[in-house]
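J.: Predicted structure and sequence below. I'll ask about it afterward.
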Amino acid sequence: MVESTINATQAVVTLDVPIQGIVWGSIITVNMWAKSIGTGVVFLAAFLWFRHSKDDMPNLRWTMPIIAFVALNVFLLFTLIDLHQPYRMINIFLHPHWTSSITVGAWLASIFLGIITLLMVIGVADAFPSLGGKKNKLAAIARNNSGLYEKIMPFLVFLAIPVTTYTAIIMAQSSARELWQAPTEVMQMIWAALMAGSAALIFISDAWSKEARKDLALVLTFSVFFSFAMYMSEYFFSFKSAEAETVLAYVHSGGAYNIEFWFGMTLGFIIPFFLGMSYMKSENMTLLKFAALSALVGLFFVKDVWLKIPQMLPLS
Amino acid sequence: MKLGFLVDLNLCMGCKGCEIACKVENEVPLSTWRLRVKYIDLGTFPDTRRSFTPLRCNHCENAPCERICPVSALHYLENGIVNVDSARCIGCAGCMMACPYGAIYMDPETNTADKCTYCAHRIESGMMPACVVACPVEANIFGDLDDDHSNISLYIMEHKGAVQVRKPEKHTTPTHFYVGGGNQTLNPLAHQRIEGYNLFNDITHLDHVGDPHHGIIDRFLAPFAGHEKVDNTSLIESATTEESHEQEGGH
């Protein structure tokens, strides 16, 4: 009884402004989700070409850059529409501030997209010799420089690493949101890329060899497992600061974000893990495609929760 | 020169004069605050007391907002003030994610980030910040921290051991200090926000971030098509018709 009558345990805000609420919302979730696909397919393509002959994945050379091109454009579009002054995006290139990971990321992603566009043109021109006819100069130049594709690819894979992880550095610089201030964020970004990349490629792998498809399933299964394990570690054990603990306690206590988190976990990680495992035995492509779809949808929800919940804390 | 602020919470009586002076001086729009005074009630009836805490930008020497700003819209002035250039700001809200003190807001009239600048424009003309002038009990003490004989330096020396900053664990090195503060007043997690315990209930909050008249499409069209002028009256009207930004899932 006495404990509830002393100042130390009874402090209540009686007049203040409302909490700002969620500033980075679902637009940023789409941004991160699409980037995971865009860089993930590059990692997976490199891995598959390292392990198998190109004939095992006949369409990969032109479909990979197309998927990456679309995903990265979605990523950049959602970056742009999240800005309150979208036309001033150009200031990042005209007045760059290099201590900002937003600046570094925007430059890297733009270069990455430029290279992907080049690979897409070469890949499509090679795959469809009749495309554009003989008079099409762009197609002719692309075909004449076909070897450039393989020369650029290692550099692209190397570039995909910082493009994947720079968002984790943005989160590290967002020092008001302590839940994001975790070294695990970098690994989560990489696992998300491997998840999303393998899931996206599964949809175009019908004509691939069984071994190549098994590798895709293996990467998907491993990445959802390790990503799930890391999220669970953070969810249950990672009480690293008072603010992070408060955020997690809020989600633990139930409510809409608790439901969204576990919905995402089930859809994005648990279901794809078991479906991926069962594919190893059954080689049922329908199951594998369902696993891929489930992983992509679930990943979105989990990222959405993790992005929003720290923004609900009062900062002052 | 390194300008700094000190608030003696033992003197502050929660009149909100500083808050109003700031609003007027800087034409801060409705629903946004560069400076606000928070009331916290401590204890249980009849053994209660109320504390008042003015909250503003801490003008950190190691400012996370300056570091994350992609276009240097947030930048240091020579006198240590963390200033904001709204003409350069792209409205990414990175600074709002980075500021551990929640001191930055999205101005609904300009759709750019804004915050307390220690009234940099007044300092330039040799005047004190508006909140310092308005305070009837001189709880706001402002001056040059590099000058050992300035009011603020003398005050800090006089109250050695009792001078605090908010969230020192963030290593932001604020130039904004408090005397007479406690855990409950300076730590936002040490007090509760309970429904129905406010001094005023049934308040209509203008619950938005940025300009409510600018949806995503409007932001792109505005430079060409023009848009409805946003002022305090239109903001009040929008509060009754617009959904909250949270319901819209962002901005």
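T.: Cool, got the structure.

J.: A:Lys308: neighbouring residues, count only.
T.: A:Lys308 has 22 neighbouring residues, counting by other CB atoms under 10 Å in any protein chain shown. Every residue, glycine included, has its C-beta placed from N, CA and C.

J.: Spit out the contact partners of the residue most central in space within chain A.
T.: A centroid search over chain A (CA atoms, centre = their mean) returns A:Ser36, at 2.4 Å, as the residue closest to the centre. For A:Ser36, the contact set (CB atoms under 8 Å, 6 or more residues apart in numbering or on different chains) comprises A:Thr164, A:Met189, A:Ala192, A:Ala193, A:Met195, A:Ala196, A:Gly197, A:Leu299.

J.: okay, it: pLDDT?
T.: pLDDT, A:Ser36: 98.

J.: Quick check: the residue lying closest to it once chain neighbours are set aside vs B:Lys160, distance?
T.: For A:Ser36, ignoring the flanking residues on the chain, the nearest one in space by CB to CB, 6 or more residues apart in numbering or on different chains is A:Ala196 at 3.9 Å. As defined by CB to CB, to the nearest Å, A:Ala196 lies at a distance of 56 Å from B:Lys160.

J.: What's the mean pLDDT across the helix or strand harbouring A:Leu201?
T.: A:Leu201 is part of helix A:184-202, with elements assigned from DSSP states H and E. For helix A:184-202, mean pLDDT is 97.

J.: go on, stretch B:83-95?
T.: Mean predicted lDDT for stretch B:83-95 stands at 96.

J.: need the helices for chain A, in chain order.
T.: A:26-51, A:60-82, A:91-94, A:101-127, A:137-144, A:148-173, A:184-202, A:210-236, A:242-252, A:256-265, A:271-282, A:285-308 (DSSP state H).

J.: Most tightly packed of the ones you listed?
T.: Ranked by mean neighbour count under mean count of other CB atoms under 10 Å in any protein chain shown, the helices of chain A are led by helix A:184-202, which reaches a mean of 25.

J.: got the angle between that helix and helix A:210-236?
T.: Helix A:184-202 and helix A:210-236 meet at an angle of 150 degrees, taking axes from the mean of the first three to the mean of the last three CA atoms, to 10 degrees as the criterion.

J.: Make TSV out of the contacts of A:Ser36 and add distance to A:Ile81.
T.: Converted to TSV, the contacts of A:Ser36 look like this (distance: CB to CB, whole Å):
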residue	distance to A:Ile81
A:Thr164	22
A:Met189	22
A:Ala192	22
A:Ala193	23
A:Met195	25
A:Ala196	21
A:Gly197	24
A:Leu299	21
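
J.: Quick check, pLDDT for B:Ile203.
T.: 68.

J.: next one: B:Gly102
T.: At B:Gly102, pLDDT is 94.

J.: Not counting sequence-adjacent ones, nearest residue to residue 78?
T.: With no chain named, the answer covers chain A. A:Asn31 (4.3 Å).

J.: I was after chain B.
T.: Residue nearest to B:Glu78 in three dimensions, not counting chain neighbours: B:Met1, with 7.0 Å by CB to CB, 6+ apart.

J.: show me the residues around that neighbour that make contact.
T.: B:Met1 makes contact with B:Glu78, B:Asn79, B:Gly80, B:Asp144, B:Asp146, B:Asp147, according to CB under 8 Å, 6+ apart.

J.: can you check A:Ile309 too?
T.: Here A:Ile309 is in contact with A:Leu179, A:Val247, A:Tyr250, A:Val251, A:Tyr257 (criterion: CB under 8 Å, 6+ apart).

J.: measure the fourth one to A:Asn258 for me?
T.: Taking CB to CB as the measure, A:Val251 falls 5 Å from A:Asn258.

J.: Would you mind listing what in the stretch 51-200 of chain A touches chain B?
T.: By the rule CB under 8 Å from any CB of the partner chain, the part of the stretch 51-200 of chain A lying against chain B is A:81-89, A:91-92, A:95-97, A:99-103, A:106, A:170, A:173-177.

J.: now do the stretch 201-316 of chain A
T.: The stretch 201-316 of chain A has residues A:Ala242, A:Glu243, A:Thr246, A:Gln311, A:Leu313, A:Pro314, A:Leu315, A:Ser316 near chain B, with proximity defined as CB under 8 Å from any CB.

J.: Just confirm A:Arg177 contacts A:Lys308, I think it does.
T.: No. A:Arg177 sits out of contact with A:Lys308 when judged by CB atoms under 8 Å, with a separation of 10.2 Å.

J.: domain assignment for chain B?
T.: With domains defined by automatic domain parsing, chain B comprises B:3-186, B:210-251.

J.: Give me the spatial nearest neighbour of A:Ala172, chain neighbours excluded.
T.: A:Gln181 (6.1 Å).

J.: what about B:Cys69, distance to A:Phe261?
T.: Using CB to CB, we find B:Cys69 at a distance of 31 Å from A:Phe261.

J.: Likewise for B:Gly14?
T.: From B:Gly14 to A:Phe261 the distance is 40 Å (CB to CB).

J.: for the stretch 151-251 of chain B, what spans make up the helices?
T.: Using DSSP state H, counting those that start in this stretch, the helices of the stretch 151-251 of chain B run over B:151-158, B:183-186, B:216-225, B:232-241.

J.: Check the stretch 51-200 of chain A for the residue nearest chain B and tell me.
T.: Of all residues in the stretch 51-200 of chain A, A:His84 sits closest to chain B, at 2.6 Å by CB to the nearest CB.

J.: quick one: contacts for the residue in the stretch 51-200 of chain B that chain A sits nearest to?
T.: Residue of the stretch 51-200 of chain B nearest chain A, by CB to the nearest CB: B:Gly91 (2.6 Å). Contacts for B:Gly91 (CB under 8 Å, 6+ apart) come out as A:Leu83, A:His84, A:Gln85, A:Arg88, B:Met106, B:Asn111, B:Thr112, B:Ala113, B:Gly210.

J.: which SS class is it?
T.: What DSSP: H, G, I helix; E, B strand; the rest coil gives for B:Gly91 is coil.

J.: For the nearest residue to A:Ile152 once chain neighbours are set aside, give me the pLDDT.
T.: Ranked by CB to CB, 6+ apart and with sequence neighbours excluded, the top spatial neighbour of A:Ile152 is A:Ile115, at 6.1 Å. At A:Ile115, the model reports a pLDDT of 97.

J.: again, but for A:Leu44
T.: Note on A:Leu44: pLDDT of 98.

J.: Now do it against B:Asp114, distance only.
T.: Relative to B:Asp114, A:Leu44 is positioned 44 Å away (CB to CB).

J.: repeat for B:Cys92
T.: Relative to B:Asp114, and taking CB to CB, B:Cys92 is found at 14 Å.

J.: What of A:Ile141?
T.: 49 Å.

J.: if we can go back for a sec, may I have the residues that are in contact with the residue nearest to A:Ile152?
T.: When contacts are counted by CB under 8 Å, 6+ apart, A:Ile115 touches A:Ile152, A:Phe155, A:Leu156, A:Leu159.
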